[in-house]
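okay, structure incoming, though there's no sequence with it:
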Ligand code: SRM
Ligand code: SRM
Ligand code: SRM
Ligand code: SRM
Ligand code: SF4
Ligand code: SF4
Ligand code: SF4
Ligand code: SF4
Ligand code: SF4
Ligand code: SF4
Ligand code: SF4
Ligand code: SF4
């Protein structure tokens, strides 16, 4: 293997934060791919630009996604990265691993790939970084025979993701990991075979804290919530006070709805006006707990800014029960896909289509009634549409 | 004169609120115009529709505005309102009158018009309701010879208006009545001879309370403010407390910036974080007072919803001194008109043009620097323009 | 008095002289203390005093006006002003009438005299002032309801909030007789705006003579209008029309009036001042109530429900919109019992800013 | 290990089996107390405990990761997990690594072992967790800065806020190497997004073979692109282009990269959770800083200034955006000393919602 001088990258081995340059150098000891990645990257640092071509279409037999084609624009100079495709392996729900199973993947990746990974990609996949075209099939055969499968890419269902939820969090209102797993398995076909106008992402969070940022980057954000009161353990409140918490300033005054009061002894909540924002619960977890019926709020439409500005997901179903096999959620999703598939232009995300067709068409198509919980505020201009059926 | 049966309108003579029907009937005793107005209006009530035609162009010699043409669509049935034009007489600043001068107008109106008025129209004019075409010239000659003039209409400067300001209000930071009077007189030509793409309105309020709703309905809203601290008279604060005011709940907790505190004795204000919203001052007028340099915030662009939704005025100049002869304000306004006149389509208001051309073009044209006070928040998407001069 | 002849008129007329100087119109106490006021106090909904640095005081009595005023009745007001107010009077920016006096003893006399003339006192401080409104069927061709009549019907019902009862804060009520909204209806605590619900009807024969087709086409904000070359007229795509009436304004043969389907919408929660919450637009509460003259009982009922729900629920100094901000719009619809419909969802221009993008809301 | 032959691969491969079931991946204490957790406590930025209703406890040590991980180094982590964590490990949704144990005594040992391997503990509670980022020059053709290197440079400088120092609240920092923003950059407390500033350059000879012209034309959100029939190519109106790169994504012969003018913008004040203030977008703080690899000192300086101004000014539990809401954006620019430019004013789509329509603001 060539030995590259990397004076610029070497600067990034210094300092307390773990160094990605060290990681690449570690892998570079084993694979030419990682070694040439290092060389090409040094050149990028020198020239202030990347040296990758537009991705080409590569993949494994019978799948339309799961691999991102990537070719160096300097294949002669850096033959090890002439092909440098990404293989997305669908992560297990919640990102827990037993070391035994994970070691198997690592060994296979040293054999077939660059030895470099991302644990994980932004969507959630185990991203295997740097694979030659001819290695794709055998690598896939190896991993799939061990019980793993690829994640999504292209105009398809993307790998669903979730927060760890009930696995280790006292606030989970729904079984995020199970929902994520179930959706992933139910919709394998949509995931592997791009057949839609564009990508569609699910993310599942156990509560409004949203530790998987679902509201910002999922066409369908599923967020756990409850319908009852917040139970207050007054003794535990007192413990927090004794521990030095300024309950008035930190809890009551920061409650966004102003529905709490504290008289120095008892904390009380006007539950009808609580918006279940999770602030007080998160700061006094030993004292407060949501009670009553559990379920999820379903929000639709978020995405990154290309090309008309980012969207956050919109509340569509304020409350949906979430019990396996999640039939209501699935029927709901399928109605959305049908409407989207019928109406969208290529590369038009669900949220963008709702914007262009109007919320009424969308709600009517998926058979959801208008409800004040769907909006921050009603319209401000006097211009609105009437259908004949409205003019009674 | 015909005698109309008005069973529907008669219903509106009942009840404690002053009755416009009584007013029309009062005038109907004197003029056929008012009498036929009554008859036609009864018919409107019966048929649930108006009986007026689109206005035609009528006016007085040498003026392009000040009169709104109005013709009945049933001139044979109601000959008294066959012509029923409106004459807008420019009100004196602040809407104060001495009875002597006003009586002169009333007498003339009984002679030449219907005897019906609006005191005042929404823009601010004395609205004389119902005049025949042939009466316009002599009526105008009479009133103008007594020192009155017409107000604006059409695509022109509209009659400026103001709150009463220093005349009777302790909070006025600027001399609203003088500014309004001065602008009106300086721009007589623009007011009487429509030469612009559309209407342009000035409204002047002495403080952020905005008792003339300038921010909602003036292309140029001029709102008084100050640059110093709020002086606190602690003894007066105590008087309010003794008088039963809950200073914590009513003042401190309602301060939008959270910049006040009260320890039961002293009220203190972190002036750097006060936004001069006027809440505390308005509720404790004896105790609090803005100090330091006085001037105005200039906001541009508000209008009614036709056709792309209402606009509120935008802060363009956070602070401008306001001393007669208001040269800075006038130069500023003239720059706006020049840019607007050069760029607008017909019937495009200033605010709409700014929207369509972009704030940068506008600010550059009028030579105002970008400032954070102009925005609630900066942009949220990563898409923005660069000019060559920015790429240093 | 005889009409001026054409010649007399020509000789007499002056132009570009502007309105008279306000200094001629000011009561002496106002002129003297101009810019030197110290504080004011509200006594009753109809009376207040302003105290100057000099110690001078001016008492104000504010009285209701129907805005349409006959000259004879204005003269009655002027008589009162001559008697008690040194011959001065003023109107407010909302068209109420103000009598000012330096003599406190005159206050009840003024009130009584005005009331006797039919103009009761009120509107000051934390209550309802008069409903601002525009022309309606009385004068405007664009009106799809009457303004004065509807205002009269509502004001009768809410009269106590003008003259006696207090509310949590000032409540500004406005009425517009069409979506041109000649007023600050779009930024009122409570407002009624008249709307159409049917696509305009075109009198094709007159279009070619009376309209400029390109202007008409481009007047439509939703691009619902296109030329119809066959008829030398225009055509309207009914799915795109949202009944703004702009085409009707620019082209007389287009008629948007439809007596059976025209009516009013109720909007709430706007404000103008920058106190506490910034100026803000009113938002849709009720998308449609039919026109039912002469007293529009359904509209009266609806606005009363909203006003009284607010009066019950809001904290002191909270304007309508601030109360709604605190309880949330879901709280508003819950408390008032008003149904939420497709029309409430703003999917014309502002969907992005108005749809809820948060998992926090109230049931 | 030898590569599978084509035939072997075919025989072995399975499809549509999805990921393994998570139950196989859970440490026993997690499996046992699944859905039955009672509360947690944060000890240090790198350690916390969760206590179950059963009384069981699980201690978590969270350690930093550069996200680009070599298999050999992951194996080192797995060795630690085998030694102290019953053979289980997890990654977080932000790509940190978590070691869990039921034995409190293991906590310092895990910390030490991970630190020795180069992965220091931190990121829990009210402080800075790792900077999420994407591919950059390491792998993506779209990148106009490097992601990993810039993150490394910033993280070194802000390391104490990850490992030791506390902030008023959790601070989420993200970095995107182009405006596609593969992450939640648009909703982060603090974020860096790489941008272009020059109109794309077109390789006209290749357009006809490599692009669909209509697709390319319609890909432009600002309608800056039109067909150029003479050249059988397209042309771009430079006044309309805002450098989004969408044309470059759909048509390879369009090159938007410009090493001297590409750089990054800094955005602030976004958040994702619904606690207190709802989810919200990050807003522009600094429109441009040039690319200066390998350590981007100007960017490091700029974000440090913002973070420390926030740390000094915010109240407890106030996220970056909440602090800014309280002091106002005019307060933000005043406190940080960042200049306000034309680029900050949102006149592309959202001018109406972002221009100040109030007379209330701070000097
Ligand atoms: C690998 C990954 C970044 C990472 O380093 O983690 C990634 C990488 C790419 N993204 Fe992404 N996106 C990745 C998560 C995201 C996310 C975050 C998420 O899924 O939670 C987003 C924002 C959310 C969203 O979907 O809007 C995201 C929004 C985009 C977009 C903009 C899409 C839009 O509708 O606005 C594009 C542009 C496109 O599709 O042409 C894009 C395009 C791309 C491409 C395919 C660019 C291209 O045209 O070749 C990148 C390939 C990079 C490479 O060569 O490795 N990527 N992309 C992430 C997927 C890994 C995984 O499977 O786990
Ligand atoms: C008389 C008056 C209403 C009143 O009863 O008080 C009035 C009456 C008319 N207005 Fe107005 N506007 C009146 C103040 C307003 C205001 C309020 C203000 O000026 O403070 C507004 C909202 C602010 C604004 O300018 O946006 C207003 C916004 C409109 C609009 C919408 C303009 C826009 O850009 O959105 C129109 C439509 C038009 O211009 O075609 C309009 C058009 C009209 C016309 C001329 C309708 C027409 O096409 O014939 C009305 C004539 C009515 C009539 O026959 O008497 N009027 N108009 C007000 C003027 C009296 C005066 O001079 O004092
Ligand atoms: C006379 C008048 C000005 C004029 O030049 O004519 C006026 C006069 C005063 N206003 Fe006003 N306001 C007048 C229209 C307005 C308007 C404009 C409008 O309604 O179209 C507003 C803006 C309303 C809005 O924000 O939507 C207005 C919002 C206020 C407020 C703010 C109330 C609030 O809490 O938001 C105050 C302060 C207060 O009440 O504490 C105020 C206070 C005052 C004070 C106390 C100012 C003073 O120190 O003299 C005056 C008497 C109080 C009163 O009426 O209760 N005035 N006031 C107007 C009377 C209208 C009427 O007949 O009812
Ligand atoms: C492990 C992880 C979930 C996972 O499935 O991997 C997680 C775990 C916890 N989060 Fe989180 N959050 C995790 C990503 C997030 C995200 C998503 C993100 O950053 O992309 C958010 C949304 C951030 C936002 O709003 O922009 C998030 C916002 C929170 C908050 C809200 C903070 C706030 O005041 O706004 C809390 C509550 C708190 O800190 O009081 C919280 C609290 C918690 C608790 C205490 C929940 C619990 O009871 O176990 C967990 C440990 C606290 C900690 O890390 O400080 N977690 N947390 C994620 C760790 C990421 C990391 O490596 O740093
Ligand atoms: S989103 Fe809620 S349930 Fe999920 S990990 Fe975060 S706090 Fe726990
Ligand atoms: S969850 Fe939020 S809204 Fe409800 S009481 Fe707690 S802080 Fe207030
Ligand atoms: S706007 Fe201000 S100065 Fe003018 S009357 Fe109202 S409170 Fe007084
Ligand atoms: S003027 Fe407004 S912001 Fe300033 S101290 Fe008073 S209430 Fe607070
Ligand atoms: S609101 Fe409409 S109907 Fe009423 S006066 Fe104005 S233009 Fe005429
Ligand atoms: S009413 Fe308005 S939307 Fe309908 S056709 Fe006419 S201009 Fe267009
Ligand atoms: S943000 Fe842009 S450059 Fe970075 S990985 Fe995503 S598409 Fe590639
Ligand atoms: S970079 Fe974006 S705005 Fe510029 S031409 Fe290409 S697609 Fe259009």
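The structure has been received and is ready for your questions. Nothing here was measured: the structure is a model prediction, and the numbers come from that model. Ligands and ions are numbered 1, 2, ... in the order given.

CA only for contacts and neighbour counts going forward, please
Noted.

near chain B, anything from the helix or strand of chain C with the lowest mean pLDDT?
Within chain C, no helix or strand scores below helix C:351-354, which has a mean of 89 by mean pLDDT, DSSP states H and E. No: taking Cα under 8 Å from any Cα of the partner chain as the criterion, helix C:351-354 and chain B are apart, separated by no less than 12.6 Å.

tell me how far that helix lies from the chain's centre.
Counting by Cα atoms, centre = their mean, to the nearest Å, helix C:351-354 is centred 27 Å from the centre of its parent chain.

repeat for stretch C:266-276
Stretch C:266-276 has its average C-alpha position 13 Å from the chain's average C-alpha position, going by Cα atoms, centre = their mean.

which bits of the stretch 251-363 of chain C sit near ligand 12?
Selection of the stretch 251-363 of chain C residues close to ligand 12 by Cα under 6 Å from any ligand atom yields an empty set.

now the stretch 251-363 of chain C, which segments are flagged as low pLDDT?
Low-confidence segments of the stretch 251-363 of chain C, defined by pLDDT under 70, are located at C:348.

now the strands for it?
Assignment of strands within the stretch 251-363 of chain C using DSSP state E, counting those that start in this stretch yields the ranges C:254-255, C:263-268, C:283-290.

quick one: strands adjacent to the longest one?
Each strand paired with strand C:283-290, and its direction, by DSSP bridges: strand C:263-268 (antiparallel).

same thing with the first one?
As defined by DSSP bridges, the strand partners of strand C:254-255 come to strand C:201-202 (antiparallel).

all helices for the stretch 151-300 of chain C, in order.
C:159-163, C:204-210, C:213-219, C:246-250, C:297-313 (DSSP state H, counting those that start in this stretch).

dump these into a markdown table; add mean neighbour count and distance to residue A:74 as well.
Supplementary listing: these in a markdown table, determined by neighbours: other Cα atoms under 10 Å in any protein chain shown; distance: least, Cα to Cα, whole Å:
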| stretch | mean neighbour count | distance to residue A:74 |
| --- | --- | --- |
| helix C:159-163 | 22 | 80 |
| helix C:204-210 | 14 | 67 |
| helix C:213-219 | 17 | 54 |
| helix C:246-250 | 20 | 60 |
| helix C:297-313 | 17 | 70 |
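
in a markdown table: those helices, plus distance to residue D:181.
As requested, the helices of the stretch 151-300 of chain C are arranged in a markdown table below (distance: least, Cα to Cα, whole Å):
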| stretch | distance to residue D:181 |
| --- | --- |
| helix C:159-163 | 55 |
| helix C:204-210 | 52 |
| helix C:213-219 | 38 |
| helix C:246-250 | 41 |
| helix C:297-313 | 44 |
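
what's the local residue count around residue A:20?
By the measure other Cα atoms under 10 Å in any protein chain shown, the count of residues near residue A:20 is 22.

contact partners for it?
Shown in contact with residue A:20 (Cα atoms under 8 Å, 6 or more residues apart in numbering or on different chains): A:12, A:13, D:66, D:67, D:68, D:69, D:148, D:149, D:152.

so what's the backbone phi/psi at it?
phi -70, psi -20 (degrees, to the nearest 10).

surely residue A:227 and residue A:291 touch.
Yes: in this structure residue A:227 lies within contact range of residue A:291 using Cα atoms under 8 Å: 7.2 Å.

who's more crowded, the two?
A side-by-side neighbour count of residue A:227 and residue A:291, using other Cα under 10 Å, places residue A:227 first with 17 against 14.

quick check: the residue of the stretch 251-363 of chain C nearest ligand 5.
residue C:359 (11.2 Å; Cα to the nearest ligand atom).

isn't that residue up against residue A:277?
Yes: taking Cα under 8 Å as the contact criterion, residue C:359 and residue A:277 are neighbours in contact, 7.2 Å apart.

neighbour count winner among these two?
Neighbours were tallied for residue C:359 and for residue A:277 using other Cα under 10 Å; the higher tally belongs to residue C:359 (34 against 26).

what's near enough to touch that one?
When the contact criterion is Cα under 8 Å, 6+ apart, the partners of residue C:359 are A:208, A:223, A:277, A:297, A:315, D:274, D:278.

any idea how far the residue in the stretch 251-392 of chain A positioned nearest to ligand 3 lies from residue C:280?
For the stretch 251-392 of chain A and ligand 3, the shortest gap (Cα to the nearest ligand atom) falls at residue A:380, measuring 15.5 Å. To residue C:280, residue A:380 is 9 Å away according to Cα to Cα, to the nearest Å.

likewise for residue A:204?
Look at residue A:204 and residue C:280: by Cα to Cα, they are 35 Å apart.

higher neighbour count, these two?
residue A:204 (32 against 24).

SS state for the more buried one?
Assigned with DSSP: H, G, I helix; E, B strand; the rest coil, residue A:204 falls in the strand class.

and the residue of chain A found nearest ligand 7, what does it touch?
In chain A, no residue comes nearer to ligand 7 than residue A:380, which is 24.8 Å away by Cα to the nearest ligand atom. Each residue near residue A:380 by Cα under 8 Å, 6+ apart is listed here: B:309, C:186, C:281, C:282, C:283, C:284, C:346.

what is the nearest of these to residue A:21?
residue C:346 (50.4 Å; Cα to Cα).

dump the residue contacts of the residue lying closest to that closest one once chain neighbours are set aside.
If the residues on either side of it in the chain are set aside, residue C:346 comes closest to residue A:379, at 4.4 Å by Cα to Cα, 6 or more residues apart in numbering or on different chains. With contacts taken as Cα under 8 Å, 6+ apart, residue A:379 has the following neighbours: C:283, C:284, C:344, C:345, C:346, C:350, C:354.

now for the residues you listed: which two are most distant?
Between any two of the contacts of residue A:379, the greatest separation by Cα to Cα is 13.3 Å, found for C:284 and C:350.

more crowded one of the two?
Neighbour tally, residue C:284 and residue C:350, criterion other Cα under 10 Å: the higher count belongs to residue C:284, 26 against 19.

ok, how many other residues are close to residue C:150?
Under the neighbour criterion other Cα under 10 Å, residue C:150 is assigned a count of 26.

in which helix or strand does it reside?
When secondary structure is defined by DSSP states H and E, residue C:150 falls within helix C:148-157.

can that helix be said to contact ligand 9?
No: using Cα under 6 Å from any ligand atom, we find that helix C:148-157 stays clear of ligand 9, coming within 10.3 Å at best.

that helix near ligand 2 at all?
No: residues of helix C:148-157 are not located near ligand 2 by Cα under 6 Å from any ligand atom, the shortest gap being 9.8 Å.

and that helix with ligand 3, contact?
No: legend: contact between helix C:148-157 and ligand 3 by Cα under 6 Å from any ligand atom is lacking; minimum distance shown is 13.7 Å.

what's that helix packed up against?
Counting contacts by 3 or more Cα pairs under 8 Å, 6 or more residues apart in numbering or on different chains; DSSP states H and E, the secondary-structure elements packed against helix C:148-157 are helix B:20-28, helix C:297-313.

which one of the ones you listed lies nearest to ligand 1?
Evaluated over the helices and strands packed on helix C:148-157, closeness to ligand 1 peaks at helix C:297-313, with 41.4 Å, by Cα to the nearest ligand atom.

relative to helix C:148-157, how tilted is the closest one?
Here helix C:297-313 runs at 40 degrees with respect to helix C:148-157, directions being taken by axes from the mean of the first three to the mean of the last three Cα atoms, to 10 degrees.

any idea how far residue C:285 is from the residue of chain A closest to ligand 7?
For residue A:380, the distance to residue C:285 under the criterion Cα to Cα works out to 10 Å.
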